[in-house]
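Participant: build me a structure from this.
(chains A and B)
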2 protein chains.
Amino acid sequence: MKSQKSIVFLSLVLLSANFHAQKFEKLIQYVNPLIGTEKMGHTYPGATVPFGAVQLSPETDTISYELNGKYNGEVYKYCAGYRYEDKTIVGFSSTHFSGTGHSDLGDFLVIPTVGKLQLNPGTASNPENGYRSRFSHQNETAEAGYYKVKLDDHNILAELTATPRVGIHRYTFPKSDQAHIILDLMAGIYNYDGKNVWTYVRVENGNTITGYRQTNGWARTRTVYFAMKFSKPFKSYGQKNYDEKQVYKGFWRKFDQNKNFPEIAGKNLKMYFDFDTNENEAIEVKLAISPVSQTNALENLEKEAGNLSFDQAKTQAQNNWNKELNKIVIKGSDTEKTNFYTAMYHTFINPTTYMDVNGEYKGLDQNVHKADGFTNYTTFSLWDTYRTLHPFFNIIQPKRNSDMVKSMMAHYNQFSMKMLPIWSHYANDNWCMSGYHSVSVVADAIIKGNYDGNPEEALKACIETANKRNYEGIGQYIDLGYIPAEKNGTSVSNTLEYAYDDWAIAQLAKHLNKTEIYNQFIKRSENWKNNFDKTIGFMRPRLADGSFKKDFDVLSTHGQGFIEGNSWNYSFFVPQNPDELITMMGGKKKFASKLDELFTMHLPDEFFADTEDITREGIIGGYVHGNEPAHHVAYFYNWAGQPWKAQAQIRRILEMQYKATPDGLGGNDDAGQMSAWYILSSLGFYPVAPGSEDYSIGSPAIDNAVLNLENGKTFEIESINQSPKNVYVQKVLLNGKEIRNFTLKHSEIMNGGKLTFYMGNKAKR
Amino acid sequence: MKSQKSIVFLSLVLLSANFHAQKFEKLIQYVNPLIGTEKMGHTYPGATVPFGAVQLSPETDTISYELNGKYNGEVYKYCAGYRYEDKTIVGFSSTHFSGTGHSDLGDFLVIPTVGKLQLNPGTASNPENGYRSRFSHQNETAEAGYYKVKLDDHNILAELTATPRVGIHRYTFPKSDQAHIILDLMAGIYNYDGKNVWTYVRVENGNTITGYRQTNGWARTRTVYFAMKFSKPFKSYGQKNYDEKQVYKGFWRKFDQNKNFPEIAGKNLKMYFDFDTNENEAIEVKLAISPVSQTNALENLEKEAGNLSFDQAKTQAQNNWNKELNKIVIKGSDTEKTNFYTAMYHTFINPTTYMDVNGEYKGLDQNVHKADGFTNYTTFSLWDTYRTLHPFFNIIQPKRNSDMVKSMMAHYNQFSMKMLPIWSHYANDNWCMSGYHSVSVVADAIIKGNYDGNPEEALKACIETANKRNYEGIGQYIDLGYIPAEKNGTSVSNTLEYAYDDWAIAQLAKHLNKTEIYNQFIKRSENWKNNFDKTIGFMRPRLADGSFKKDFDVLSTHGQGFIEGNSWNYSFFVPQNPDELITMMGGKKKFASKLDELFTMHLPDEFFADTEDITREGIIGGYVHGNEPAHHVAYFYNWAGQPWKAQAQIRRILEMQYKATPDGLGGNDDAGQMSAWYILSSLGFYPVAPGSEDYSIGSPAIDNAVLNLENGKTFEIESINQSPKNVYVQKVLLNGKEIRNFTLKHSEIMNGGKLTFYMGNKAKR
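Facilitator: So this is what the prediction gives:
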């Protein structure tokens, strides 16, 4: 009875929170989750709550990594499961990455059908031959926390909403004595034959099932447990096991295990649940997930959604979004608001909550841990997000960012290698991309006063990570100051990124008064110079004997020592020391001309073709905004003495690379990094070198913005006379006092106050 | 510090227990674990403690279930991993069944080698080509709780001992700078390609690793976690992954994962650990297992064996065996003692402890449970063991048997089908063989006053199990009183065994004063009559239309409706009502003649060939002792009015079927059932129908036995003048009072006292 009471109490709290939420502006109307679902954005349109563990969203195809034993390039398009271009939906699954360039997940694909039971998905051209259905965008609605689509072939209306750990489906059926809800446990994103390691399902009673799905995908060792509750008891149910081998099956023939048998296990399983439905009868399905156990999944389900109707859950999800979006209130056109709030929406999806309501989660050591006084997160795509997303969180989500650092520390402590995460994904590190950028996130949070853990331990973790000699050339980097090109395919980007990361460690050491460590790492932070070929003025791979690689092309992306970028873009990757780079490149004038050339050059098709993850629109001249390495580069004009060019280029990027349409993103949203770039740049400032308290000032693209800070203060940005033509800053005042160095300090934002831009259509030289 | 202290305290307790143990007679000298390791016994020679979770024993080959895609019959021979006939040892693994006719396990195969590292096992004919080694029985010692063998090819002495959850290896090496200890995580018993579902290993530090092995074998969904600690740090280590597919391996190439990399996962893995050794240097390996987690495995290791040397652990294990064996102290020749105490040893192996030192275990619902106030057990081979092993436990291990019933109740409660176990194996029911004989074990324990749980709930579980209509013909059995032969391949044995089980439920209901239930089940217990064909006097399959199956052979084992037996053996399977069977078979005289015929007939080779699990020596006439269905049949002479024939046949069986040699067992020991038959029959009485308090008196084969009961009382059996020739009971007295009905009551044993047999060489008619 006690728990029953506390659920009622919780509901009252939630209801009162809902009333409370009424005072917020209704900003979710400007969120369009379909933005980025076409072409290369890799976002998904379904329902999630801020930083939720569940991302309940439609899949428009089930593409396998392998096709007839060969790599199937099509799979890349389906990183988020849904493509706006497609005409059919195969179902709705519980987990999705937002905007990544590699993928996994798609756990627990659910699809309602009527008529003859078909357990195969069918094909896009022949949806009748399977469980999939045609749909049209006219009958589709995507909102923050809510998704709706009509499944035309089945005449079923499908609606989705979510709580942090529970996806809630509502299917409105026609009258039928052959209504089915299919649970395809073989389906998944970035699937390949053999990815499903083990699947277990237990029918607990007439309307509840539990189980788990264990996969060997991008996350090498991953198990997701689930609990699934139907609002109406199924009249019957069954399974089909597609395993090639079912050894000792004889013993299991004691029962007919295909129909109404409650204990199901195998590698490749599909299940179905049968119902009789009346015209317009709605069946709700609550599907909770857990990284720990079925017991926890059931607890998550009951505690979060046990007594919520679909409509209550939707209201709650949308109120939560509204509350988060109200952290920045802007004035602008509807299109500007749509771009802005959809970007905010995309920044508040990742990292994702990775623990149960009771605080438990499975750690990298495969043991169950309990998060003590913090929310544990996963889905850290740090090569992307250290640049702008986490700095943005330090302003607008400082408590969450502190917990994210704690989650990284937990990862470090649980990992046998004792390293901070590279790409954290459930109880795994996917070790994707170059650098060890956790150290930047850790340093930035601590230096900005946003970490309530032990900073000395955090510094120790940074140092241990940076000294992991057997990880991606770190040993050689330490010994030689660069990574020989013979030893590592991404030798230059690694050296450049390690050097920046080392600078961040040095800043943290300085902050903690560790002079010796500071000296050591500030020296390492100069290693970028070792890959700079003065004779050509570009970063260039270097061999073990000290010579530069002979066969070299500054435009090419592959085989040149870089990842997701060419030398043109990476040669500017010295965010920690632009002044020195300018000197090395021949002084401010020459440097500015080189930036000009970057933004205006023509990148021949052959080189574009091997630039990953972007559309042709994702580049401006040779500047590739769709990938991250040059994200800070436009701001470098400030250091070159030509800030008006920064202002112009930033506005051009904002306009060209972000559009309020499904194909509006020029490249993968990269777990919110691209969107965070949009938000801060359109607010008028940018963290060129996280780990520094300084923001570099650009050109604000909105008339007014009020930042409602967690400390209770507000920071207002007013941009007088700004317009698509008036992109040039004439004057900028902080609390009435002019800023002359194009630099804003973090503390100046957090203390509250007002930043006033005076804009004009002429560059102020 | 606290836990450190309690470990020290525990050790003192153990040491004092060791002193205490000195007062026991040294009976382990009569245990020869090699008995049954040749031919069909399927016992193993390695080290275990009474009812231990770990059975650390050598494997003499790694045979796969499949050979070139076809079933490989050879695998059957390796149910226990070791065959006395073999000349090489491939390694020592932690888990083994004792005496089963189907198999699984063989987890964590460890083998020490010197010289060139070879990760494949090699072949029996060419051991040099792999890690295996030749050995000879001259250099082999097997004792209760201790095993020793010289690995000739490696010049390494291998010794094994165990605690309940930890296997302890001691390898004495020659001088070498190339000493290795290999951990083959692909090896296993009853292996097939695809059985290894997932394997994970984490190197915790320089001498400790943890991990798990997940298999899809006879137990469909099984994971064993482990922790492994070397007495000496390895100088280096490595792994080889034999998976055909290792998708996304690119991301994992950030490290060299093959050498000294501490995070290892895949489906098919082998590991090795390198050492420098001096001449005669011993390296100890402690390998703990857990059904729950690596954390628990480590805790099991530390709490049970953390501060035990190999020699201390061996002493402790042997003292524990000695204590258990002293529960019955007999007088007799060394050979008699060897037979008797080896049989006792075999009965005290299964069921096995299935929980960690902290009480946790994984249940059938795949959730973690905690055993509350009892020891949780698994490895219930109930079709075998309900007959004699559990009744034997009700006399000599009543506390453990009560816990076993509690374990069955936990199984029932956790299983989605709500059934008592058929063949419990870790968190699985293997559903092997006919009947639902848990109910017999439950009823027998409660009726004999040996269950301290809730008897009403236990009765409810029995009834629910017996009414599971969709399990193996139960629905038809309930509706028709028999199972139509068209529907079920073992229709007759199921009907006969269900009928006996129903009688056991009726007895339990009577014991609990549930008249209605008694009436219902006593009626069901008569269903055996429906398969009795009076015209031929045999049990015979019956079709749905009520007619008997036409094409029928009383000698054949296959396709006749029986399992592990023919109609000749099963026709006597009415242990619950011999009198009625005798009437149906035409009266006592005819019945006795039929028994005579059974024991004297010649079973043609063609029929022997399809009798499973036994050697030619496992039969006497047509009586198959190597399988269980006729185990009670010799005692039926008592009902037929010719008890002297029972006495003669029992002695003949004891002599022919049990020999103190590796090939001494006539069939699989069947998880202790065959050994339990030996013990009770050689003590002079037998539980013909468990669920009854009555034992039927046979012919004692030992001069004197004292049963030291848990209640503190003793029951002495004296057999005056018995010898291989003096097998006939002339008179039998209980506490000086003659027993005339050849029946001894359970309470008469448990009250303590003396049973005196007067034996002679002439039948007393």
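Participant: tell me how far the spatially most central residue of chain A lies from chain B.
Facilitator: For chain A, residue A:671 is the residue whose C-alpha lies nearest the centre (C-alpha atoms, centre = their mean; 1.8 Å). Using C-beta to the nearest C-beta, to the nearest Å, we find residue A:671 at a distance of 16 Å from chain B. For the C-beta atoms, the positions are set from N, CA and C on the backbone; glycine is no exception.
Participant: look up how far residue B:585 lies from that residue.
Facilitator: Note on residue A:671: its distance to residue B:585, by C-beta to C-beta, to the nearest Å, is 79 Å.
Participant: list the residues that contact residue A:464.
Facilitator: Residues near residue A:464 by C-beta atoms under 8 Å, 6 or more residues apart in numbering or on different chains: A:412, A:418-419.
Participant: what stretches of the stretch 201-350 of chain A score poorly on pLDDT?
Facilitator: Along the stretch 201-350 of chain A, the model assigns pLDDT under 70 to residues A:248-252.
Participant: before we move on, what about chain A?
Facilitator: For chain A (pLDDT under 70), the answer is A:1-23, A:248-252, A:608-615.
Participant: which single residue in the stretch 301-450 of chain A comes nearest to chain B?
Facilitator: Nearest residue of the stretch 301-450 of chain A to chain B, counting by C-beta to the nearest C-beta: residue A:416, 3.8 Å away.
Participant: check which helix or strand that residue maps to.
Facilitator: Counting by DSSP states H and E, residue A:416 is held by no secondary-structure element, helix or strand.
Participant: what sits against it?
Facilitator: Contacts of residue A:416 by C-beta under 8 Å, 6+ apart are A:364-365, B:202-204, B:262-263.
Participant: rerun that using 6 Å as the cut-off
Facilitator: Counting by C-beta atoms under 6 Å, 6 or more residues apart in numbering or on different chains, residue A:416 touches B:202, B:262-263.
Participant: where along the stretch 101-250 of chain A do the helices fall?
Facilitator: Counting by DSSP state H, counting those that start in this stretch, the stretch 101-250 of chain A has helices at residues A:249-252.
Participant: ok, which stretches of the stretch 501-650 of chain A are helices?
Facilitator: Using DSSP H, counting those that start in this stretch, helices in the stretch 501-650 of chain A cover A:515-524, A:567-570, A:578-584, A:588-600, A:605-609, A:643-657.
Participant: mean neighbour count, the ones you listed: which tops it?
Facilitator: helix A:567-570 (a mean of 26; mean count of other C-beta atoms under 10 Å in any protein chain shown).
Participant: count of neighbours near the residue nearest to residue A:235 when sequence neighbours are not counted?
Facilitator: Spatially, and ignoring its direct neighbours in sequence, residue A:235 is nearest to residue A:274 (5.2 Å; C-beta to C-beta, 6 or more residues apart in numbering or on different chains). Look at residue A:274: counted by other C-beta atoms under 10 Å in any protein chain shown, it has 16 neighbours.
Participant: SS state for residue A:274?
Facilitator: With DSSP: H, G, I helix; E, B strand; the rest coil as the basis, residue A:274 sits in strand.
Participant: adding distance to residue B:311, write the helices of the stretch 501-650 of chain A out as a markdown table.
Facilitator: Formatted as a markdown table, the helices of the stretch 501-650 of chain A follow (distance: least, C-beta to C-beta, whole Å):
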| stretch | distance to residue B:311 |
| --- | --- |
| helix A:515-524 | 49 |
| helix A:567-570 | 63 |
| helix A:578-584 | 67 |
| helix A:588-600 | 74 |
| helix A:605-609 | 70 |
| helix A:643-657 | 73 |
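Participant: much appreciated, bye for now.
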